[in-house]
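>>> Starting from these lines, generate the structure:
(4 chains)
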2 protein chains.
Amino acid sequence: MTTPPPGLRERKKRATREALREAALRLAVERGPDQVRVEDIAEAAGVSPRTYNNYFASREQAIVSAVTADREERIAAAVAARPAGVRLADAVTEAVVEQYAHEGERERGVLLLITTRTALRDAFLGSTAGIEAPLSAVIAERLEGAGAQTARVLAASVAAAVRIALEGWLRPPGGGEAAADLGVAGLVVPSGSLSDRLRAALAPLAPAFDAAEQRTRQ
Amino acid sequence: MTTPPPGLRERKKRATREALREAALRLAVERGPDQVRVEDIAEAAGVSPRTYNNYFASREQAIVSAVTADREERIAAAVAARPAGVRLADAVTEAVVEQYAHEGERERGVLLLITTRTALRDAFLGSTAGIEAPLSAVIAERLEGAGAQTARVLAASVAAAVRIALEGWLRPPGGGEAAADLGVAGLVVPSGSLSDRLRAALAPLAPAFDAAEQRTRQ
DNA sequence: CAGGAAAAGTGCGTGCACGCAAGTTTGCGG
DNA sequence: CCGCAAACTTGCGTGCACGCACTTTTCCTG
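Reported below is the predicted structural model:
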């Protein structure tokens, strides 16, 4: 599980992915999301368009991935970092809240950009699915006795809850579409704190975690 | 909630969608999924390719939708049909099992075809997301006091659990080299029935339903 | 330190999704 | 019965995703 020597191959790969991410985001911010073609991103990153396509399955994914970065591992690591004594439901909730709040703060401006385009918004929301696998692994570790299936279901439920929380957070509270049209208008993105929304969305799942945890303890 | 008069417009629309579905499936079965182009589907259904594209966002979606049909409404209706006395968790589980078992039996041959192509498999698994909205509505109705947010989270969790169950079900009978894949797998159920898999995947969510239901009852 | 296997990058070709701006059909008062 | 507005269809053009075959780079092993 460790990285003995990173290896040149791996480092180059990460560098390329990083370059593509950064290029995609920078160009999208500079000239607007619709004015950036795959060709531009690839050129800015110094690779061929075909190679870009080996890293990202869609233009939206590339742009969004600059924000989401490696959120998946961070969340999983944050859960693993919690002491073994805490309720699993709490460990997961706090790990998620922590990471997303952090992200939501750092990238507030970019999130604004993302909400302006439906395709980007969807890609962003879809990125929550990525936390499923790592989270499932770390949950399975704590729920030794309860079978991998249960861990997967719980992890997927968490991912879904996070997605719903983000949906609610990104939806402009300013009365439907009235203000949403004017792109440059007020910074109306976050309604209520993201942390609160995440906690509220995750709360209904706590009993499921408790029950699973209970069963392994015996 | 009723359909006062269907209306010509609406009827035509449904007929077109149905024709596209049927054409897509028939052609895919006849000549293999990769040998059918959008142009063929559209022609077989008597519309332009552009119109086809107004109904389905991808070729895979068109083919798969012939199998999934209007599963969403059927499941929601099945839940609503259960007497108000039963545990909500049971009502949902039974409704899901009922509808999927039915579907899995009727379309066994087609499901085999779907598993042969990754893109189709993904589209099929992705179609579980469609049950989220109707299910959310019907759950919210039973959980009058618990807020719409809870209903959405629960519905999304169910959708995710169903997806996981289907993943597990489609993998083993997919043929080929499934067995030698992972040596770590301890309790790999060879290939249980779909109903069993669905029940197993939904079971971990039952406590969450119970808790939500409990809170509304007071 | 070869030298070959594996992996990453690349060019090309094909079919596709979808915005846009017509044209066509349906529905609804007047 | 008319005519207009909204909904649906269509042709066209653009960029894109991705399979395939091939070159280049990295890695490993004798």
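>>> I'd like the next helix or strand past the helix or strand bottoming out on mean pLDDT in chain A.
Lowest on mean pLDDT, DSSP states H and E among the helices and strands of chain A sits helix A:108-115, with a mean of 89. Counting by DSSP states H and E, the next helix or strand C-terminal to helix A:108-115 is helix A:118-126.
>>> Export only the CA atoms of the helix or strand just after that next one, formatted as CSV.
Sequence-wise, the next helix or strand downstream of helix A:118-126 (DSSP H and E) is helix A:132-142. Extracted as CSV, the C-alpha positions of helix A:132-142 are listed here (Å, rounded to 0.1, in the frame of the first residue of the first chain):
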residue,chain,number,x,y,z
GLU,A,132,-17.7,5.7,-3.2
ALA,A,133,-14.8,3.2,-3.7
PRO,A,134,-12.3,4.6,-1.2
LEU,A,135,-15.0,5.2,1.4
SER,A,136,-16.3,1.7,0.9
ALA,A,137,-12.8,0.4,1.6
VAL,A,138,-12.3,2.3,4.8
ILE,A,139,-15.8,1.5,6.0
ALA,A,140,-15.3,-2.2,5.3
GLU,A,141,-12.2,-2.0,7.4
ARG,A,142,-14.2,-0.8,10.4
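>>> Just give me how far helix A:132-142 sits from the chain centre.
Helix A:132-142 sits 16 Å away from the centroid of its parent chain (C-alpha atoms, centre = their mean, to the nearest Å).
>>> which secondary structure elements does the least confident helix or strand of chain A contact?
When contacts are defined as 3 or more C-beta pairs under 8 Å, 6 or more residues apart in numbering or on different chains; DSSP states H and E, helix A:108-115 packs onto helix A:8-31, helix A:59-68, helix A:118-126. Where you see a C-beta, it was placed from the backbone N, CA and C, and this is true even at glycine.
>>> helices or strands up against the longest one?
In this case it means helix A:8-31. Using 3+ C-beta pairs under 8 Å, 6+ apart, helix A:8-31 sits against helix A:38-45, helix A:49-55, helix A:59-68, helix A:108-115.
>>> Any buried residues in the helix or strand just after the longest one, and which?
Using DSSP H and E, the helix or strand that follows helix A:59-68 towards the C-terminus is helix A:71-81. Counting neighbours by 16 or more other C-beta atoms under 10 Å in any protein chain shown, one finds that the buried residues in helix A:71-81 are A:71-72, A:74-76, A:78-79.
>>> Kindly report the same for stretch A:103-122.
Under 16+ other C-beta under 10 Å, the buried positions of stretch A:103-122 are A:103-104, A:107, A:110-115, A:117, A:120-121.
>>> and if you look at stretch A:56-64?
A:56, A:59-64.
>>> picking up where we left off before, please identify the deepest-packed of the helices and strands packed on helix A:108-115.
Mean neighbour count, computed with mean count of other C-beta atoms under 10 Å in any protein chain shown, is highest for helix A:59-68 among the helices and strands packed on helix A:108-115, reaching a mean of 22.
>>> ok, is that one in contact with DNA strand C or not?
No - Helix A:59-68 lies out of reach of DNA strand C by C-beta under 7 Å from any atom of the strand, never closer than 10.6 Å.
>>> From the rest of the structure, what touches that helix?
Under the contact criterion C-beta atoms under 8 Å, 6 or more residues apart in numbering or on different chains, helix A:59-68 has outside partners A:20-22, A:24-25, A:28, A:33, A:36-38, A:41, A:52, A:55-56, A:103, A:107, A:110-111, A:114, A:119-120, A:122-124, A:127, A:130.
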